[in-house]
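A.B. asks: Dropping the sequence and predicted coords here.
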2 protein chains.
Amino acid sequence: MAAAPQAGTPRAVVVKRRPAGEPTPEDFEVRDIPMPVAEPGSVVTRTIWLSIDPYMRGRLREEQTYAVAVQVGEVMTGETVGVVIDSKHPGFAPGDIALGARGWATHLATPGERLVKLTPDAAPLSAYLGILGMPGTTAFAGVTEICKPQAGETFVVSAASGAVGSVAGQLAKRAGATVVGIAGGPDKCLWVQENLGFDACVDHRSLDLRRELEAACPKGIDCYFENVGGAVQAAVFDLLNPFARVAMCGMVSQYNDKTFPPGPNLGFVVGKRVLIQGFIVTDTPQRFTDWRAMAEPLVADGTLVYREDVIEGLENAPEALTGILTGRNFGKLLVRVSHGG
Amino acid sequence: MAAAPQAGTPRAVVVKRRPAGEPTPEDFEVRDIPMPVAEPGSVVTRTIWLSIDPYMRGRLREEQTYAVAVQVGEVMTGETVGVVIDSKHPGFAPGDIALGARGWATHLATPGERLVKLTPDAAPLSAYLGILGMPGTTAFAGVTEICKPQAGETFVVSAASGAVGSVAGQLAKRAGATVVGIAGGPDKCLWVQENLGFDACVDHRSLDLRRELEAACPKGIDCYFENVGGAVQAAVFDLLNPFARVAMCGMVSQYNDKTFPPGPNLGFVVGKRVLIQGFIVTDTPQRFTDWRAMAEPLVADGTLVYREDVIEGLENAPEALTGILTGRNFGKLLVRVSHGG
């Protein structure tokens, strides 16, 4: 690559205190760190891309959820794509591109077996943190393992312009379903319809979400890919058809909340034989390899569409996290930590 | 049979008005009806046993649920076992015992293909409305298709002394699970432990249900067979383990309600990868034949235990329905409409 900028002095973003409610930049601190050294079996990468995802809010909670919480004073967690600058693992050599080093840091040392070596030309590197990475695999798992949309059914996905929702809807569309997105604001809704090819998109900020959703789903809802919870969930649940399948991927609308509001009365689940299934994509590592193999050519030839929202500079990662929890991003949110490959 | 009493003048219980809240005998009316006549293909039975089940409350609602509502002026619906007194169907002759004629009536005419001919000696006839019939099949479906308890797991069932719950728990016990019942009052709890062999039973009327349930389930809850909803559901959901399976069979605590209270916030479903699945047993008719074949010998030799609560006389069916909705029955609730076989 021409004029590859350097990452400069090694730095990391450390958790300074647990956020009360919405995280702010003051909850984090950028610190200089020693340049990581490759121990036997490990690989040092210079970070190019850092992924910012809603799940990160859970890692900042005191209580452990399905994954271990990040402790105060520790480097914040997050997935990266980086270039190998040192390696004591036989699978990696300097100049290789590696996916999977974790941390909000310019340089990271990682056991080689946790990394995936990427072919630089198969797709843009950033795509491996989005449509070809964890978010895309999440969409793939929820759609194919839980929602299972059939031709002619109606499939609804919330956070439809996001990294997960945009892929989920495209997969349902390919399965022959009528796909209705729910997104925040007219710009996102327009993009979802025009660029992703969804049949409709409803603005969740609308004054009458329930009525607009009903108009967009005249035959009811057979599949729901849940990313947000709250009022959106309530509106969708009202319209579920008998034998509907709900993939419970996330409920980002409440990730900043200390206590959670009541949810839906579940009586309808019985009479309508509804399936509600929570899932965490990392439970089945094979999903990642399967999805990458399937989706790489579809991304390369433009069949699957994605959009990125790029924030420049590691020091802006905290603000990016704040933004993704309130829907300020538009597309897959990434921090460019350094340039080049 | 010796001294078989007659059913007397043909009578039926008709819906007089839709109940507001708890059904009362005043919502029904006992009427003389003409003796039914066997049309070609149909069978006339004299009712011996009428089953009373919680789902009947749903049939009295104005709005249709998963099945068609009973209209005011119509005979109330319910499953019966009866003796054939007239037949124009080649599969049935007078004296045969038939399962499946529907209606709160002393005499019923039914298309022969909707009836099942019972072998009088395989098990007591009433059992075909309980452990060998719809409630037993419901337990079978929920346990084997949704809960799938594994050896060493903790399985919880509400309404544990009832027609469905008592079978569900016994099946989970046979699968090697630790089985904890939830029932109303010390008598039911004692019976569940002593006669059904559950490992523990918690009284849902206890002042601290949540704490007692936690004490009975020190390793958390892996499977929940839901029959009641409300506060019991909330207590169980708090204790669900990762990868828990919830079979949503019914929520009898709210069947008399006009509007439904909020339910659980579903955030935990994601992180714990919980499966919540509603089901209606009649969706898969094969379940009934499979279960009867499997369970008949286990009922005959006493391996599977059941308890019946018998109300005498068709005219008392309305009060029986009121009672089952508030847990006044103890075991499978039946109305003896006439004697004999």
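C.D. replies: On my side now, so go ahead.
A.B. asks: All the helices of the stretch 201-341 of chain A, residue numbers only.
C.D. replies: A:209-216, A:230-238, A:267-271, A:286-300, A:317-325 (DSSP state H, counting those that start in this stretch).
A.B. asks: My guess is A:Val14 contacts A:Gly73. True?
C.D. replies: Yes - here A:Val14 reaches A:Gly73: they are 6.3 Å apart, a contact under Cβ atoms under 8 Å. Where you see a C-beta, it was placed from the backbone N, CA and C, and this is true even at glycine.
A.B. asks: of these two, who's got more company?
C.D. replies: Per other Cβ atoms under 10 Å in any protein chain shown, whichever of A:Val14 and A:Gly73 has more neighbours is A:Val14, with 18 against 11.
A.B. asks: Next secondary structure after the helix or strand containing the more buried one?
C.D. replies: For A:Val14, the host element (DSSP states H and E) is strand A:11-15. Going down the chain from strand A:11-15, the next helix or strand is strand A:28-32, by DSSP H and E.
A.B. asks: Give me the contact list for that following strand.
C.D. replies: If you take Cβ atoms under 8 Å, 6 or more residues apart in numbering or on different chains as the criterion, strand A:28-32 is touched by A:9-16, A:76, A:314-315, A:317-318.
A.B. asks: If we only consider those, which is nearest to A:Phe92?
C.D. replies: Within the contacts of strand A:28-32, the smallest distance to A:Phe92 is 18.9 Å, found for A:Pro10 (Cβ to Cβ).
A.B. asks: Just confirm that closest one contacts A:Thr45, I think it does.
C.D. replies: No - using Cβ under 8 Å, A:Pro10 is not in contact with A:Thr45, being 11.6 Å away.
A.B. asks: between these two, what contacts are shared?
C.D. replies: With Cβ under 8 Å, 6+ apart as the test, A:Pro10 and A:Thr45 both reach A:His107.
A.B. asks: For these two, indicate the residue with more neighbours.
C.D. replies: The residue with more neighbours, out of A:Pro10 and A:Thr45, is A:Thr45; 30 against 17, by other Cβ under 10 Å.
A.B. asks: wait, is the more buried one part of a helix?
C.D. replies: No - looking at A:Thr45 with DSSP: H, G, I helix; E, B strand; the rest coil, it is strand, so not inside a helix.
A.B. asks: That one and A:Ala105 touch, don't they?
C.D. replies: No - between A:Thr45 and A:Ala105 there is no contact under Cβ under 8 Å: 9.6 Å.
A.B. asks: Get me the contact residues on the stretch 201-341 of chain A for chain B.
C.D. replies: Counting by Cβ under 8 Å from any Cβ of the partner chain, the residues of the stretch 201-341 of chain A close to chain B are A:229, A:233, A:242, A:248-251, A:254, A:260-280, A:283.
A.B. asks: meant to ask about the stretch 1-150 of chain A
C.D. replies: Selection of the stretch 1-150 of chain A residues close to chain B by Cβ under 8 Å from any Cβ yields A:58, A:65-66.
A.B. asks: who's the residue of the stretch 101-250 of chain A found nearest chain B bridged to?
C.D. replies: Using Cβ to the nearest Cβ, A:Met248 is the residue of the stretch 101-250 of chain A that sits closest to chain B, at 4.7 Å. The partner list for A:Met248 in beta bridges (DSSP bridges) reads A:Glu226, A:Gly278.
A.B. asks: So for it, what's the pLDDT?
C.D. replies: Looking at A:Met248, its pLDDT stands at 98.
A.B. asks: Need the outlier residue of chain A, farthest from its centre.
C.D. replies: Farthest-out residue of chain A from its mean C-alpha position, per Cα atoms, centre = their mean: A:Gly271, at 33.2 Å.
A.B. asks: so what's that one up against?
C.D. replies: B:58, B:65-66, B:278, B:280.
A.B. asks: per-residue pLDDT, it?
C.D. replies: Looking at A:Gly271, the pLDDT reads 95.
A.B. asks: tell me the secondary structure for A:Val157?
C.D. replies: strand.
A.B. asks: Look at the nearest residue to it once chain neighbours are set aside and say how many residues are nearby.
C.D. replies: Distance criterion Cβ to Cβ, 6 or more residues apart in numbering or on different chains; nearest residue to A:Val157, sequence neighbours excluded, is A:Phe225 at 4.1 Å. A:Phe225 has 34 neighbours, counted by other Cβ under 10 Å.
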